[in-house]
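> Here is the input, now give the coordinates:
(chains A and B)
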2 protein chains.
Amino acid sequence: VSFGVRLTVAYDGTEFAGFQVQPGQRTVAGALADAAQRVCRHDVTIRGASRTDAGVHAEGQVAAFACERELPATRWLLALNRYLPPDVAVRACEPCAPDYEPRFDALDKTYRYLFHLGSTRDPLLRRNAWHLGRRIVGRVPAPGPGVGVPLALDAMRAACARLEGTHDFRAFRAAADKRENTTRTLQRVALYEGHAGQPALLALEVRGDAFMMNMVRILAGTLVEVGCGRLSPDDVSSLLSARGERRDAGMTAPPHGLTLVAVTLGRLRSVRAPASR
Amino acid sequence: VSFGVRLTVAYDGTEFAGFQVQPGQRTVAGALADAAQRVCRHDVTIRGASRTDAGVHAEGQVAAFACERELPATRWLLALNRYLPPDVAVRACEPCAPDYEPRFDALDKTYRYLFHLGSTRDPLLRRNAWHLGRRIVGRVPAPGPGVGVPLALDAMRAACARLEGTHDFRAFRAAADKRENTTRTLQRVALYEGHAGQPALLALEVRGDAFMMNMVRILAGTLVEVGCGRLSPDDVSSLLSARGERRDAGMTAPPHGLTLVAVTLGRLRSVRAPASR
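Numbers count the residues shown, from 1 in each chain, chains lettered A, B, ... in the order given. Next comes the predicted model:
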C-alpha cells in the first residue's frame, strides 16, 4: 500500500537551479526528495504544481509524493523540516491520493514580481526585487532615498488592464516554449505601490489559470518598457490581438524578482483523501 | 588639503564579521575602505556611528572618511557603489569636515528587532527575523501558516513601557562590556504586529541616545521571556531599579533579527560643511 503526501512549500530560490529535478544540479524538488527519502527509506518522486525557474522564489508552491510509510501529517511536517536545508521549508502538510498530481489540481496560480525603484541599490532587497537602475530605465533617477526611478505608472496600469482576460499570449513566452495552444486566461494583472510598507517597492501581481515558459517575467519586462515609454498600452493590445512574436514584446525580467505566491487547488476534489486531515 | 565624505550606508550583515575593521575578517568598514581607496588612491579610515555586531543589518548606518581628492557627492555615490560588493550600498553621500566623527554627531539611534512567529520556519525571512520555535517558546505553536507561536503581547507591551526613559541598564549589556556609566535613555521601546504586511512578523523598535554591547539583543531576548511568562513586567522593572546583573535578564537574541534603522544626526552642527550638498 502506498500513501500520498501533499505539501505547501516555501523557498528562497537564490541558490537553486529551479524547482524541477536536474541531474547534478541543486534543485528544490531534489532537496524535498532527499528529505522525504530519509523518512520513507525508499526512492521518492516529487511532483510540483509549478516548474519555477532557477532563482525564482515561492511562498506557496504545492508539491506531492507517494510513500510506503504512513505518518500523521504533523509528523511529516516536523520530519521534513528537520532534514530540509535552511532555504526550503514545508509550511503545511496533508494526506492525498498516492497518484495526486498538483499540476492537474491547480485551478490557478498567483505570482508576484517586485520592482525596486530606489535611486540606489538596496542590499537588503537584492535577492527579491529587480532594481531598475539607470541602465534599464534610461533616465537619471532622483537622488536620495525613497522612490528615485521615474516610471509612468498610469500607462503601466492601462497596459495591465489590456493583459487581463483570455488572450493569445504567444508573444509572452520564451522562444524555447513550443506549445501549440498559446491561449491563456489572466484573472488579475495589477500593480501595487509601496509593497511591504516600502515606498520604493512596486509589486506586479498576476493570477492566471496556466502560464508558459518565462511568461510572468516577460510580462514584467514588457510593463517596464511601458513604464519607460518605449512601448504603449496600445502596443501591448496589438501584441495580443495580432498574435505578435517574442521579439516584439519587452525584455525578460530577471528571475530573482519573481515569487510564486499561491496555488489555488480544487480541480481534483475526488482524488483527495478524506479523513485524518 | 583633505576633504570629508559622509555616507548613509545599508548592508545585509549575514556575511560580515560586523561593522568595525578586524584584521583577516570581512567587515563592512573594510569593504567601504577598499571601495574608497580605489577612488582616493591612498589609505582611508572609516568611522561609523554604530559598531554593529557580526550578522546585524543596517538600513541607515552613518559612516565618514577623509580623502585628499575632492569629488562631487553624486560622483562619490556612484563610484563607491560601483566598487562595493552586493551586500553593501551607499544610499546617500554628503561633504563633511575631514575630522567629522559620526559617533559624536549621533543624537540617537533607532534599531528594529524582528521576531518571526510563524508555526514553521520561513526561508524568505531566515536572514532577517528570529524564528521563535518550540524550543525557545516552550509551547507547541498552532499548526498552519500565519501566526502560530503564542506570546503574551500585553505583558510584552507593559515591559516595553517600563524600559522607556532613563534607567541603569547594567543588566542589559554583554558581560564583556566594562563601561562605568551604565545609565542610558530610551526614547521609544515599542512593539508592532504585522511588520511589512506579514502577520507572522512582530517588530520591536528601540530608539535611544546610546547603547551598550548587545543591549538591543538582550532587550529583545528579555521581552521574549516576558512573552513566554518566564519573566514579568515587574521583573523587568526590578532589573532596572535594583541594578540587576546580566544573568538576571533574558537571553541574548541572535544577531540576524537586528537592523540599525536610522541614526539621527545634529549634535555637531558646526563641523558640517555647508555649500555643495
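
> From now on I want contacts and neighbour counts done on CA atoms only, so please keep to that.
Noted.

> Next up, the contacts around residue A:228.
Contact analysis of residue A:228 by C-alpha atoms under 8 Å, 6 or more residues apart in numbering or on different chains lists A:137, A:138, A:150, A:151, A:152.

> Relative to chain B, how far out is it?
Using C-alpha to the nearest C-alpha, to the nearest Å, residue A:228 is found at 22 Å from chain B.

> Same check on residue A:205?
Distance, residue A:205 to chain B, using C-alpha to the nearest C-alpha: 15 Å.

> Low-confidence regions, chain A specifically.
By pLDDT under 70, the weakly predicted segments of chain A are A:143-146, A:268-277.

> Could you tell me which residues of it lie near chain B?
A:10-12, A:59, A:86-92, A:120-124, A:126, A:143-145, A:195-198 (C-alpha under 8 Å from any C-alpha of the partner chain).

> Take the residues you listed and keep only those in strands.
With DSSP state E as the criterion, strands contain A:10, A:11, A:59, A:88, A:89, A:90, A:91, A:92 from among those.

> Grab the nearest non-local neighbour of the third one.
Which is residue A:59. Nearest in space to residue A:59, with sequence neighbours left out and distances taken as C-alpha to C-alpha, 6 or more residues apart in numbering or on different chains, is residue A:10 at 4.4 Å.

> Do a quick rundown of the strands in the stretch 51-200 of chain A.
Along the stretch 51-200 of chain A, counting by DSSP state E, counting those that start in this stretch, strands occupy A:57-67, A:88-96, A:106-116, A:130-131, A:165-168, A:183-193.

> Present these as a markdown table; the columns should include mean neighbour count.
Below are the strands of the stretch 51-200 of chain A laid out as a markdown table (neighbours: other C-alpha atoms under 10 Å in any protein chain shown):
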| stretch | mean neighbour count |
| --- | --- |
| strand A:57-67 | 25 |
| strand A:88-96 | 24 |
| strand A:106-116 | 23 |
| strand A:130-131 | 22 |
| strand A:165-168 | 16 |
| strand A:183-193 | 17 |
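
> Who are the contact partners of the closest residue to chain B within chain A?
Closest residue of chain A to chain B, C-alpha to the nearest C-alpha: residue A:196 (4.1 Å). Shown in contact with residue A:196 (C-alpha under 8 Å, 6+ apart): B:195, B:196, B:197, B:198.

> quick one: which of those is most hemmed in?
For those, the largest number of neighbours (other C-alpha atoms under 10 Å in any protein chain shown) sits with residue B:195, at 18 neighbours.

> roughly how far apart are it and chain A?
Going from residue B:195 to chain A by C-alpha to the nearest C-alpha gives 8 Å.

> I'd say that residue and residue B:203 touch.
Yes: using C-alpha atoms under 8 Å, residue B:195 is in contact with residue B:203, at 6.0 Å.

> Compute the first-to-last residue distance for stretch A:216-235.
Stretch A:216-235 has its terminal residues 18 Å apart, counting by C-alpha to C-alpha, to the nearest Å.

> distance of the closest residue to residue A:4 other than its chain neighbours from residue A:45?
Excluding the flanking residues, the one nearest residue A:4 by C-alpha to C-alpha, 6+ apart is residue A:98, at 3.8 Å. For residue A:98, the distance to residue A:45 equals 11 Å [C-alpha to C-alpha].

> When these two are compared, which one has more neighbours?
In this view residue A:98 and residue A:45 are compared by other C-alpha under 10 Å, and residue A:98 has more residues nearby, 20 against 17.

> Go through the contacts of residue A:196 and name the one nearest chain A.
For the contacts of residue A:196, the residue nearest chain A by C-alpha to the nearest C-alpha is residue B:196; the value is 4.1 Å.

> Tell me who's in contact with residue A:2.
Residue A:2 makes contacts with A:66, A:67, A:68, A:69, A:98, as judged by C-alpha under 8 Å, 6+ apart.
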